[in-house]
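K.L.:
Provided below for reference: sequence and predicted model.
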Amino acid sequence: MMSLSINERAKNLIVPGIRQFSNQLVHYPDAVNLTIGQPDFPTPDTVKAAGIAAIEKNLTGYSHNAGLLELRKAINSFFTDTYGFSYNPETEIVVTNGASEAIDSVFRTILEEGDEVILPAPLYSAYEPIIALCGAKVVYLDTSDTQFQPSAERLASLITDKTKAVLFNFPSNPTGVTILPAQMDALADVLAKKEIYIITDEIYSENTFVGEHISFASYPILRDKLFLLHGLSKSHSMTGWRIGFVLGPEALMQHVLKVHLYNTVCASLPGQYAAIEALTNNRHVPAEMNKEYMARRDFVYDRLISMGLDVVKPNGAFYIFPSIKEFGLSSFDFATRLLKEGGVACVPGSAFSEYGEGFLRISYAYAMPLLVKGMDRMESFIMKLRSERTI
Ligand SMILES: Cc1ncc(COP(=O)(O)O)c(C=O)c1O
């Protein structure tokens, strides 16, 4: 038996709840799989062509550590044109290997052992492990009883001397909820008075169905201490290209750049060329996908309501998060039975922290016929569960 030790923090990381659940899927090949969080559309043609052209022109080496300046300029133009704020492409933008690496680089730049990070929950499962690897601690802000809107009063009550950062993710994975403007104002009021970093993961901003997405980066009062995380995985169906970005004030970004470069040197160069094409000639693409997502969302929402489930109507991303509390099962047990007996795979809410317990995440990044089949099966399963409970 080898006696070499493993870093305790790495040892204590657990396999993501999604993975634990989806590992079972291979045993149920006929199940309708509604677990995946990536668009089911291909990457747009001209974006693919730009990546292919880069490879053919041998543009396959390293780039500047922060990414091609042309891409950073395209990123800034996109945010300026769409949301009206600007970051200096030379010093305030770093292109990363997906938003995942943006999350990692920002947390590793700012966190020290013993720091606390406030995370509204239920939440995407990739933040907490990075925070733990840094020796910092997660403090949850429960949103499960406030329609998944983070309460400003709760935020204020959770802030201590140890609080280093708060993270927001709207539109949200796993709930699909967008944040209300009045809620943002109230949160910004609290944060303006505090020395706390704000990390805002807005990777689903382009998948906003109702109203306009508002970025936390558009609050000038927060700018000095705010990191905006973003990327093209969702908006342009580019999950495998691994292109994300971080925007923040120069004083902070000079340090993020070092953490990023010692980790990965730079993002993939052909991917960066494809990203320029996505952000210049393909800005219309998310709106086209949204038409499809909205039709699917309406369908799934209506079906869940007609099944009698309690569910917040999502206005963004491509997830819906109904409550399954009435069945008195843990969300893992409910999802497992739904898979085995009902033939539908969805992610148990507990994969998104303990505050997701009692919920189920359904992804509607799937073609309508699959959603129809999935909802038909889910309805039969729920009727069966209800009849068991009344016997
Ligand atoms: C909220 C959120 N942030 C970040 C990511 C990671 O994105 P990327 O594929 O660009 O690393 C995801 C992916 O599911 C996500 O849902």
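P.N.:
Looks like it arrived, so ask away. Numbers count the residues shown, from 1 in each chain.

K.L.:
and the closest residue in space to residue 156 that isn't next to it in sequence, how many neighbours?
P.N.:
Leaving out its chain neighbours, the residue that sits closest to residue 156 by Cβ to Cβ, 6 or more residues apart in numbering is residue 190, at 4.9 Å. All C-beta atoms are positioned from the backbone trio N, CA, C, and that covers glycine. Here the neighbour count serves as a burial measure; for residue 190 (other Cβ atoms under 10 Å) it reads 17.

K.L.:
which ones are touching the residue nearest the centre of the chain?
P.N.:
The chain has residue 173 as the residue nearest its centroid, 4.8 Å off, counting by Cα atoms, centre = their mean. Going by Cβ atoms under 8 Å, 6 or more residues apart in numbering, residue 173 touches 37, 123-124, 204, 317, 319.

K.L.:
circling back: any idea which helix or strand comes after the helix or strand hosting the residue nearest to residue 156?
P.N.:
Using DSSP states H and E, residue 190 sits in helix 181-192. The helix or strand immediately downstream of helix 181-192 is strand 197-201, counting by DSSP H and E.

K.L.:
how far away is the residue nearest to residue 156 from residue 287?
P.N.:
33 Å (Cβ to Cβ, to the nearest Å).

K.L.:
where does the residue nearest to residue 156 land on pLDDT?
P.N.:
Reported pLDDT at residue 190 in the predicted model: 98.

K.L.:
Show me which residues of the chain sit near the ligand.
P.N.:
Applying Cβ under 6 Å from any ligand atom, one finds that the chain approaches the ligand through 37, 98-100, 124, 169, 173, 201, 203, 231, 233, 239, 244.

K.L.:
and which of the residues you listed is nearest residue 11?
P.N.:
residue 100 (21.2 Å; Cβ to Cβ).

K.L.:
Now do the helices in the stretch 251-391 of the chain.
P.N.:
Per DSSP state H, counting those that start in this stretch, the stretch 251-391 of the chain carries helices over the ranges 269-281, 285-306, 331-340, 368-390.

K.L.:
can you pull out the helices in the stretch 1-150 of the chain?
P.N.:
Going by DSSP H, counting those that start in this stretch, the stretch 1-150 of the chain shows helices at 8-12, 17-22, 45-56, 69-83, 98-110, 127-133.

K.L.:
contacts for the first one?
P.N.:
By Cβ under 8 Å, 6+ apart, the residues outside helix 8-12 that reach it are 132-133, 135.

K.L.:
Make a markdown table out of those residues and add neighbour count and pLDDT.
P.N.:
Formatted as a markdown table, the contacts of helix 8-12 follow (neighbours: other Cβ atoms under 10 Å; pLDDT from 0 to 100):
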| residue | neighbour count | pLDDT |
| --- | --- | --- |
| 132 | 17 | 97 |
| 133 | 17 | 97 |
| 135 | 13 | 97 |
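
K.L.:
closest to residue 303 among those residues?
P.N.:
Among the contacts of helix 8-12, and counting by Cβ to Cβ, the member closest to residue 303 is residue 132, at 37.7 Å.
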